[in-house]
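Peer 1: sequence unknown, structure follows:
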């Protein structure tokens with residue numbers, strides 16, 4: 001009787017295949033381990049119907065991308081970039097965390113949205129060998145190809161298996177005119193070498209993923225995407241016009257890369273990735289989304305700052321960057337006797353009365369301006385050597401008949417560094433002039449831009465335009481804001497990503513100066529451990545705040561978070577092998593950092 005019923009099912013399936021057309025084959029088979037008589041429907045396309053991947057271009061680095069807003073509730077973990085455009089609102093990070101960069105209404109997000117539109121239209125416009133599907137995909141096994149629904153699709157009353165038939169390059173594309181949804185606990189399961197990066201879901205309106213459901217692939221929704229509590233996505237949530245709403249989810253576009261940054265020589269420089277200060281001295285194999293990133297370096301007194309470096313991270317690989325700092329020497333120029341003479345270096349006014357600043361090794365021409373009643377000395381050549389002080393003295397000779405500079409040809413520019421006074425290099429129109437301040441330097445009338453080189457432990461003022469008027473003094477106060485220091489450690493020492501205000505900073509720990517404020521510190525997952533809860537850190541000026549994240553050994557079953565995509569084929573040994581930490585990622589230099597006081601001010 002069972003065999004007779006199975007034959008009837010097979011005949012019915014064959015008739016459906018004939019009705020659907022050519023280019024694919026509809027089969028019924030009994031997978032290994034399935035009880036006799038329990039047939040599984042398998043849609044199998046021919047080789048001639050193979051699909052090309054959908055190009056995402058700059059949208060590929062985004063795990064979450066929305067048109068209007070991104071909102072989050074709970075401890076969502078996003079691995080990949082997160083962005084919104086033309087909207088600008090991103091809320092809920094923290095408590096959510098992003099191992100990547102948040103682009104809120106910037107040019108990067110706008111470009112990604114433009115490329116998402118192209119990708120969406122590409123997927124929606126595919127016509128090669130479409131297979132008509134409708135309603136519930138749960139309980140089905142599908143092979144690579146193009147699947148088309150003129151209405152909505154869902155995964156309910158069963159899980160969906162995508163079988164690449166041992167072709168890791170095989171592509172699955174799903175077109176639907178309306179909504180897509182999964183019910184609570186439903187899964188997409190990969191088999192036969194299927195890859196999440198080759199699965200694309202083009203949703204004509206909105207997509208909703210049920211609680212604790214597990215989904216795989218790039219979801220491109222015309223309107224919105226909602227992930228309810230505990231849902232996970234191995235892929236991307238990309239919404240063209242609407243919002244992406246998250247609630248204690250895990251969204252992973254691809255496995256992160258590791259970014260290792262060092263300074264040469266080792267200096268207390270801030271390390272910035274994509275414009276965000278991550279840590280100081282270096283980065284300890286920080287987990288970050290694959291794709292292009294820009295690494296730049298903070299100023300350190302007495303050194304030339306390295307140029308920014310563009311890097312491209314690869315999933316699962318380590319990218320190393322070295323910031324080579326060039327040691328400066330010091331150039332001091334004095335007048336004898338002390339006079340309000342303008343000291344020029346290589347033709348540019350540096351300061352009056354004298355100057356003393358760090359300078360790159362090399363030769364400089366020192367010129368001494370006119371002072372009424374004195375004959376100025378001849379120009380001198382100063383040779384600056386790295387790590388050494390070069391002093392030049394200009395000896396003025398009294399001459400009551402000597403004229404001074406024409407008072408109608410200059411004004412005086414007075415610049416202070418305050419709160420507190422710091423040894424910042426003062427830059428006028430992009431040219432370094434002096435440090436600590438400018439003592440009424442004579443400048444030709446006009447408008448100038450005053451800026452400051454960074455000083456450890458403080459935030460410099462933004463560049464400021466000032467106007468110098470003949471016969472008048474222009475005063476500018478550069479107010480520096482003093483930092484405190486925030487140190488984050490893990491106990492025991494584990495390769496956890498530490499987050500400050502939802503932004504990944506470094507792995508293993510962090511120690512850097514930050515403006516006084518209240519911060520939320522959270523900790524990434526580590527295999528074999530339960531991550532600590534987020535903590536609040538209050539950073540005060542001139543003080544060190546230390547936060548310790550205590551990781552407890554995990555006691556849950558390795559299957560506690562749900563079976564993997566290959567759970568039907570994986571053994572316990574393989575699962576443990578995949579989750580074991582890589583031995584070559586153990587940090588040694590973080591523990592070896594020199595002991596530092598709460599605030600380390602350069603002098």
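Peer 2: Arrived safely, thanks for sending. Please read all numbers here as calculations on a predicted model, not as lab measurements. Residues are numbered from 1 along each chain as shown.
Peer 1: helices or strands next to the helix or strand hosting residue 333 in the packing?
Peer 2: Following DSSP states H and E, one finds residue 333 within strand 329-336. Judged by 3 or more Cβ pairs under 8 Å, 6 or more residues apart in numbering; DSSP states H and E, strand 329-336 is in contact with strand 342-345, strand 354-359, strand 362-368, strand 380-384, strand 389-395. Any C-beta I mention is one placed from the backbone N, CA and C, and that applies to glycine too.
Peer 1: closest to residue 253 out of those?
Peer 2: Across the helices and strands packed on strand 329-336, residue 253 has its closest neighbour in strand 354-359 (43.7 Å, Cβ to Cβ).
Peer 1: elements contacting that closest one?
Peer 2: Using 3+ Cβ pairs under 8 Å, 6+ apart as the contact definition, the elements that strand 354-359 packs against are strand 329-336, strand 342-345, strand 431-435.
Peer 1: please repeat the previous calculation with a cut-off of 6 Å.
Peer 2: Contact partners of strand 354-359 among helices and strands, from 3 or more Cβ pairs under 6 Å, 6 or more residues apart in numbering; DSSP states H and E: strand 329-336, strand 431-435.
Peer 1: so which of those is the most surrounded?
Peer 2: Looking across the helices and strands packed on strand 354-359 with neighbours counted as mean count of other Cβ atoms under 10 Å, the highest average goes to strand 431-435: a mean of 20.
Peer 1: can you give the distance of that one from its chain's centre?
Peer 2: Using Cα atoms, centre = their mean, to the nearest Å, the distance from the centre of strand 431-435 to the centre of the chain it belongs to is 33 Å.
Peer 1: okay, now the sheet partners of it, with direction.
Peer 2: Listed by DSSP bridges, the sheet partners of strand 431-435 and their directions read strand 425-428 (antiparallel).
Peer 1: now do the partner strand: everything it contacts.
Peer 2: Residues outside strand 425-428 that contact it (Cβ atoms under 6 Å, 6 or more residues apart in numbering): 415, 432-435, 438, 448, 450-451, 453.
Peer 1: among those, which two are most distant?
Peer 2: Distance extremes for the contacts of strand 425-428: the farthest pair is 435 and 448 at 17.6 Å, using Cβ to Cβ.
Peer 1: domains in the protein, by residue range?
Peer 2: The chain breaks down into these structural domains: 46-54+88-252, 257-326, 328-481, 484-585 (assignment by automatic domain parsing).
Peer 1: looking at the strand holding residue 333 now, give me its mean pLDDT.
Peer 2: Regarding strand 329-336, the rounded mean pLDDT is 98.
Peer 1: got the angle for it vs strand 389-395?
Peer 2: Angle, strand 329-336 to strand 389-395, by axes from the mean of the first three to the mean of the last three Cα atoms, to 10 degrees: 20 degrees.
Peer 1: what sits up against strand 329-336?
Peer 2: By Cβ under 6 Å, 6+ apart, the surrounding residues in contact with strand 329-336 are 341, 343, 354-356, 358-359, 361, 366, 382, 384-386, 388-395.
Peer 1: returning to that earlier point: what's the closest of the helices and strands packed on strand 354-359 to residue 221?
Peer 2: Between residue 221 and the helices and strands packed on strand 354-359, the shortest separation by Cβ to Cβ is 52.1 Å, and it involves strand 431-435.
Peer 1: for burial, what's the neighbour tally of the closest residue to residue 115 other than its chain neighbours?
Peer 2: Closest residue in space to residue 115, ignoring its immediate chain neighbours: residue 57 at 3.9 Å, by Cβ to Cβ, 6 or more residues apart in numbering. Using other Cβ atoms under 10 Å, the number of residues around residue 57 comes to 13.
Peer 1: please apply the same query to the one 5 residues further on.
Peer 2: Neighbour count of residue 62, defined by other Cβ under 10 Å: 31.
Peer 1: and if you look at the one 4 residues further on?
Peer 2: Here the neighbour count serves as a burial measure; for residue 66 (other Cβ under 10 Å) it reads 29.
Peer 1: same deal with residue 456?
Peer 2: Every residue meeting other Cβ under 10 Å relative to residue 456 is counted, giving 21.
Peer 1: hang on, the residue nearest to residue 115 packs against residue 113?
Peer 2: No: counting by Cβ atoms under 6 Å, no contact exists between residue 57 and residue 113, whose distance comes to 11.1 Å.
Peer 1: next, count neighbours for the residue nearest to residue 344 when sequence neighbours are not counted.
Peer 2: Taking Cβ to Cβ, 6+ apart, and ignoring the residues beside it in sequence, residue 344 has residue 367 as its nearest neighbour in space, at 4.2 Å. Around residue 367 there are 21 other residues, counting by other Cβ under 10 Å.
Peer 1: what sits against the residue sitting nearest the centre point of the chain?
Peer 2: Centre of the chain computed as the mean C-alpha position; nearest residue by Cα atoms, centre = their mean is residue 101, 3.1 Å away. When contacts are counted by Cβ under 6 Å, 6+ apart, residue 101 touches 81, 274.
Peer 1: state the distance from it to residue 83.
Peer 2: For residue 101, the distance to residue 83 under the criterion Cβ to Cβ, to the nearest Å works out to 8 Å.
Peer 1: now distance to residue 72 too, for the domains of the chain, in JSON lines please.
Peer 2: Compiled in JSON lines, the domains of the chain are given as follows (distance: least, Cβ to Cβ, whole Å):
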{"stretch": "domain 46-54+88-252", "distance to residue 72": "3"}
{"stretch": "domain 257-326", "distance to residue 72": "17"}
{"stretch": "domain 328-481", "distance to residue 72": "28"}
{"stretch": "domain 484-585", "distance to residue 72": "9"}
